[in-house]
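Peer 1: no sequence for this one, just the structure:
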């Protein structure tokens with residue numbers, strides 16, 4: 001049984017961490033269900049973690065990042 005990611009999960013985590021720890025953190029929740037390319041997953045995570053993010057919270061699926069990097073997927077999701 002597949003369970004989808006709750007809408008707004010990354011935002012909730014981001015807000016909870018900021019409130020509880022007093023620190024600003026970028027929060028990425030990535031559902032990797034269906035990922036059949038571990039090397040590409042590693043590349044996408046490396047890009048997301050090593051590049052200054054324009055987003056504070058982001059929830060994506062593997063399908064969204066398989067075709068483009070996390071930052072491009074964020075831009076497309078924001079449109």
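Peer 2: That came through fine. All figures in this text were calculated on a predicted structure; none of them were measured in a lab. Numbering: from 1, shown residues only.
Peer 1: where does this protein have low pLDDT?
Peer 2: 1-7, 14, 79 (pLDDT under 70).
Peer 1: now the strands: where do they sit in it?
Peer 2: 27-31, 57-61 (DSSP state E).
Peer 1: export those to a markdown table and tack on distance to residue 78 and mean neighbour count?
Peer 2: Any C-beta I mention is one placed from the backbone N, CA and C, and that applies to glycine too. Output for the strands of the chain, formatted as a markdown table (distance: least, CB to CB, whole Å; neighbours: other CB atoms under 10 Å):
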| stretch | distance to residue 78 | mean neighbour count |
| --- | --- | --- |
| strand 27-31 | 15 | 19 |
| strand 57-61 | 10 | 20 |
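Peer 1: Quick one: closest of the ones you listed to residue 49.
Peer 2: strand 27-31 (8.4 Å; CB to CB).
Peer 1: ok so, going back, name the stretch from the strands of the chain that approaches residue 48 most closely.
Peer 2: When the strands of the chain are compared (using CB to CB), the closest one is strand 27-31, at 5.8 Å.
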